[in-house]
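# This is the structure alone, sequence omitted:
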């Protein structure tokens with residue numbers, strides 16, 4: 001939100017020229033108001049610079065975008081036909097997850113946390129922020145006035161906020177007998193902007209249609225810390241396999257596996273060493289029962305582990321044995337080199 005299209009183009013051109021295989025994975029300007037136009041801007045960067053583009057969690061949320069997935073996919077197909085290297089991902093849930101402070105307008109967050117907190121305690125600034133968040137809509141809220149009944153409070157840190165986690169902001173404000181915007185400010189100040197939130201803004205028809213695109217791959221977009229999490233932190237990949245592939249029959253299990261393994265590996269330029277089972281590939285393996293694999297995490301109990309997974313190996317080291325964690329951590333950081341290759345780590 002702080003960069004012009006021309007600035008982004010310069011950066012994308014540098015990636016395209018100097019780092020073969022690298023790509024730009026933007027949070028585009030809006031997932032709400034003018035989301036289609038924002039996707040078009042990002043795809044346009046691929047057309048003008050030659051940089052591969054990956055549309056990050058392209059789920060088309062908010063009421064303004066209900067039923068608009070065909071528009072996005074037509075745009076992607078047109079770009080592919082024009083030779084643009086474009087891919088996209090979704091997470092298999094309707095609510096999104098971010099920090100509560102992300103709902104603030106960008107100008108209110110300028111200068112870092114200390115400056116933001118000063119504004120939140122200034123009466124004149126609070127009123128300007130209130131108008132931007134609740135009345136006109138701002139860039140932090142994706143150009144749409146915030147509906148507090150769609151915003152669920154996530155993990156909190158301050159003891160005064162005990163009992164807030166998991167509740168909708170509108171309901172908390174009603175219980176306290178305070179304007180919701182004041183409760184919003186109070187939470188941000190007491191938690192020093194660290195509070196997470198879950199936004200109930202998605203549409204199932206969009207998610208299903210987008211995940212069927214040939215360039216789709218899975219992503220969790222998960223925040224892992226805290227007690228009150230989005231269930232996608234623990235359930236994303238098994239939900240794809242159990243719910244969407246097996247239960248709904250949208251894909252065969254082998255077809256869905258490509259969304260979780262080979263497609264991301266190809267986007268990251270680590271295929272076939274990763275994301276592929278074969279001689280010479282890393283021994284990254286998950287042994288699961290396709291009849292019983294199932295995500296168990298819920299919004300009430302987001303850390304419930306999935307069913308149906310017996311063994312997990314990372315670089316040939318057993319990380320899950322008989323469904324139980326072993327404590328072994330055999331992963332390696334993979335670094336892209338200027339020649340376009342990616343460090344492979346150990347086999």
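Great, that's in hand. It should be emphasised that the depicted structure is a prediction, and the values quoted were computed from it without experimental measurement.

# Counting neighbours, which bits of stretch 153-162 end up buried?
Residues 153, 154, 155, 156, 161 are the ones in stretch 153-162 that count as buried (16 or more other C-beta atoms under 10 Å). All C-beta atoms are positioned from the backbone trio N, CA, C, and that covers glycine.

# Need the contact partners of it.
Contact partners of stretch 153-162, identified using C-beta atoms under 8 Å, 6 or more residues apart in numbering, comprise 97, 100, 164-169, 172, 187, 190-192, 194-198, 223, 225-230.

# Could you turn the buried ones of those into a PyMOL selection?
Filtering the contacts of stretch 153-162 down to the buried ones (16+ other C-beta under 10 Å) takes a single PyMOL command:
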select buried, resi 97+100+164+165+168+169+172+187+190+191+194+195+196+197+198+223+226+228+229+230
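
# just to revisit the earlier point, can you pick out the ones from the buried residues of stretch 153-162 that are in strands?
Judged by DSSP state E, these include residue 153 as members of strands.

# Show me which pair in the buried residues of stretch 153-162 is furthest apart.
154 and 161 (10.9 Å; C-beta to C-beta).

# Skipping adjacent residues, who's closest to residue 149 in space?
Spatial nearest neighbour of residue 149, chain neighbours left out: residue 170 (4.2 Å); criterion: C-beta to C-beta, 6 or more residues apart in numbering.

# tell me which residues in the strand or helix carrying that neighbour are buried?
Assigned by DSSP states H and E, residue 170 belongs to helix 169-176. Of the residues in helix 169-176, 169, 172, 173 count as buried by neighbour count, 16+ other C-beta under 10 Å.

# check contacts around residue 144.
Residues near residue 144 by C-beta under 8 Å, 6+ apart: 32, 33, 62, 64, 137.

# got a winner among those residues for most neighbours?
When neighbours are counted by other C-beta atoms under 10 Å, residue 62 leads the contacts of residue 144 with 23 neighbours.

# Local confidence estimate at that one?
We have a pLDDT of 90 for residue 62.

# ok, back up a step: in helices, which of the contacts of stretch 153-162 fall?
Counting by DSSP state H, the contacts of stretch 153-162 place 169, 172, 187, 190 in helices.

# Distance to residue 5 and pLDDT added to those residues, as a markdown table?
A markdown table is the format used below for those (distance: C-beta to C-beta, whole Å; pLDDT from 0 to 100):
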| residue | distance to residue 5 | pLDDT |
| --- | --- | --- |
| 169 | 34 | 97 |
| 172 | 39 | 97 |
| 187 | 34 | 98 |
| 190 | 38 | 97 |
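
# Looking at those, spot the one nearest residue 128.
Within the ones in helices among the contacts of stretch 153-162, the smallest distance to residue 128 is 18.8 Å, found for residue 187 (C-beta to C-beta).

# was I right about that closest one contacting residue 99?
No. The criterion here is C-beta atoms under 8 Å, and residue 187 misses it with residue 99 at 11.1 Å.

# okay, and the common contacts of those two?
Listed contacts common to residue 187 and residue 99 are residue 195; contacts here mean C-beta under 8 Å, 6+ apart.

# For residue 69, list the residues it contacts.
The contact partners of residue 69, by C-beta under 8 Å, 6+ apart, come to 60, 205, 206, 209, 210.

# Swap in 6 Å and give it another go.
Contacts for residue 69 (C-beta atoms under 6 Å, 6 or more residues apart in numbering) come out as 60, 206, 209, 210.

# State the distance from the second one to residue 249.
Just to be clear, that refers to residue 206. 19 Å (C-beta to C-beta, to the nearest Å).

# Among these two, which residue is more densely surrounded?
Counted by other C-beta under 10 Å, residue 206 and residue 249 do not tie: residue 206 has more neighbours, with 22 against 8.

# for the protein, what spans make up the helices?
Using DSSP H, helices in the chain cover 5-18, 35-49, 69-81, 106-109, 113-120, 123-130, 169-176, 180-190, 204-211, 232-239, 253-260, 262-267.

# taking those helices together, which one is wrapped up most tightly?
Of the helices of the chain, the one with the most neighbours on average (mean count of other C-beta atoms under 10 Å) is helix 232-239, at a mean of 24.

# Between helix 253-260 and it, find me the angle.
With axes from the mean of the first three to the mean of the last three C-alpha atoms, to 10 degrees applied, the angle from helix 232-239 to helix 253-260 works out at 150 degrees.

# Rounded mean pLDDT for helix 232-239, please.
For helix 232-239, the mean per-residue pLDDT is 96.

# Now do the contacts for the closest residue to residue 153 other than its chain neighbours.
Once flanking residues are discounted, residue 153 sits nearest to residue 164: 4.8 Å by C-beta to C-beta, 6+ apart. Counting by C-beta under 6 Å, 6+ apart, residue 164 makes contact with 153, 156, 172.

# And residue 218, by the same measure?
Listed by C-beta under 6 Å, 6+ apart, the contact set of residue 218 reads 240, 259, 260.

# Roughly how far does the second one sit from residue 183?
So that's residue 259. 40 Å.

# just residue 190 next, same as before
As for residue 190, its distance to residue 183 is 11 Å (criterion: C-beta to C-beta).

# Check residue 282 too.
Counting by C-beta to C-beta, the gap from residue 282 to residue 183 is 48 Å.

# Residue 68 now?
32 Å.

# Repeat that for residue 120.
In this view, residue 120 and residue 183 are 12 Å apart by C-beta to C-beta.

# for residue 312, same thing?
Separation of residue 312 from residue 183 (C-beta to C-beta) stands at 42 Å.
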